[in-house]
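Colleague: Coordinates for the following, if possible.
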Amino acid sequence: MARIPHEYFVGRWESAKIPVKLRGMRFTDYEHPHGTGKVALAAAKKFTENFADHYVSPRRVAAGRLPDSRENIGKGLLFFGRNGTRKTTLAAITLTEVQYRYPSLEVFYIRFSALKAAMTDTFESDGSERKTNANKILDAVRTRSLVVIDDIGQEYRTQSGFTESFFHELIRVRYDNALPTIITTNIDPESMRGVYGDSFESFQHDAFDSYPLLGKDTRL
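Modeller: All right, here's what the predicted structure looks like:
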């Protein structure tokens, strides 16, 4: 197989909207001062190595070529812990490693605050630039082979519950279509009920393998 030029992946990182400072980082670049970081890193490596058991392409679905075990179909990762425990770094690195392993796949990174803004902008008038851009973002989040949704948290709770409901449905659609998602959050998974409701708390056990990232804020 011909070697894929570095410029190809540079374009992929731009298309994926991976934060600039994290582009091109690999598992070998990841260090964490707490033992939980080593456990989460091992889980991320296993997820990447077995990605074909988590993501099933439309072509494979149409041909009936599903993994022997269906346990991991659509299942992603959830990294949780206080601010500054390198959750975002590990999530972005995992996205990059999957892209290296499967160059033809399209992946995507988005902060939850940007996802919420895009949801709001879909209510703009038809033909507006903001609505057009918002629809492109939501289409990427719905359809790309692997998506990182970074920093979901209590600070984004809405009084109407619309954002939480939309988010739950978005993740469920991805899961049902064998499209895994990686989430980072400062919310303990056992506390999700208070933010996203009983149904999401139950659903997350199917949709994610959860790993804590503990320790002090590495930014300080």
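Colleague: How about stretch 59-74, which residues are buried there?
Modeller: 67, 72, 73, 74 (16 or more other CB atoms under 10 Å). Just so you know, the C-beta spots here come from the backbone N, C-alpha and C atoms, and that holds for glycine as well.
Colleague: List the contacts of the third one.
Modeller: If a contact means CB atoms under 8 Å, 6 or more residues apart in numbering, then residue 73 has 53, 54, 56, 66, 67, 178 as its contacts.
Colleague: State the pair within the residues you listed that is farthest apart.
Modeller: Largest separation among these by CB to CB: 54 and 66, giving 11.9 Å.
Colleague: Could you pull out the strands in the protein for me?
Modeller: Ranges of strands in the chain, per DSSP state E, are 76-80, 107-111, 146-152, 181-185, 208-212.
Colleague: Can you tell me which residue sits nearest the middle of the protein?
Modeller: residue 148 (2.1 Å; CA atoms, centre = their mean).
Colleague: residues touching the spatially closest residue to residue 41 that is not a sequence neighbour, list them.
Modeller: Nearest residue to residue 41, sequence neighbours excluded (CB to CB, 6 or more residues apart in numbering): residue 30, at 5.7 Å. With contacts defined as CB under 8 Å, 6+ apart, residue 30 is in contact with 37, 41, 86, 89, 90, 93.
Colleague: So which of those residues are in helices?
Modeller: Mapping the contacts of residue 30 onto helices (DSSP state H) picks out 37, 41, 89, 90, 93.
Colleague: Redo these as JSON lines? Include neighbour count, pLDDT and distance to residue 99.
Modeller: Below are these laid out as JSON lines (neighbours: other CB atoms under 10 Å; pLDDT from 0 to 100; distance: CB to CB, whole Å):
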{"residue": "37", "neighbour count": "25", "pLDDT": "93", "distance to residue 99": "22"}
{"residue": "41", "neighbour count": "20", "pLDDT": "97", "distance to residue 99": "18"}
{"residue": "89", "neighbour count": "22", "pLDDT": "96", "distance to residue 99": "16"}
{"residue": "90", "neighbour count": "27", "pLDDT": "97", "distance to residue 99": "15"}
{"residue": "93", "neighbour count": "24", "pLDDT": "98", "distance to residue 99": "11"}
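Colleague: of all the residues you listed, which comes closest to residue 80?
Modeller: Once CB to CB is applied, the member of these that ends up nearest residue 80 is residue 90, at 11.6 Å.
Colleague: Can you give me every residue that contacts that closest one?
Modeller: 30, 32, 37, 40, 41, 44, 79, 213.
Colleague: show me the residues around the residue lying closest to residue 133 once chain neighbours are set aside that make contact.
Modeller: In this structure, residue 133 finds its nearest non-sequential neighbour in residue 121, 7.1 Å apart by CB to CB, 6+ apart. Residue 121 makes contact with 130, 131, 133, 134, according to CB under 8 Å, 6+ apart.
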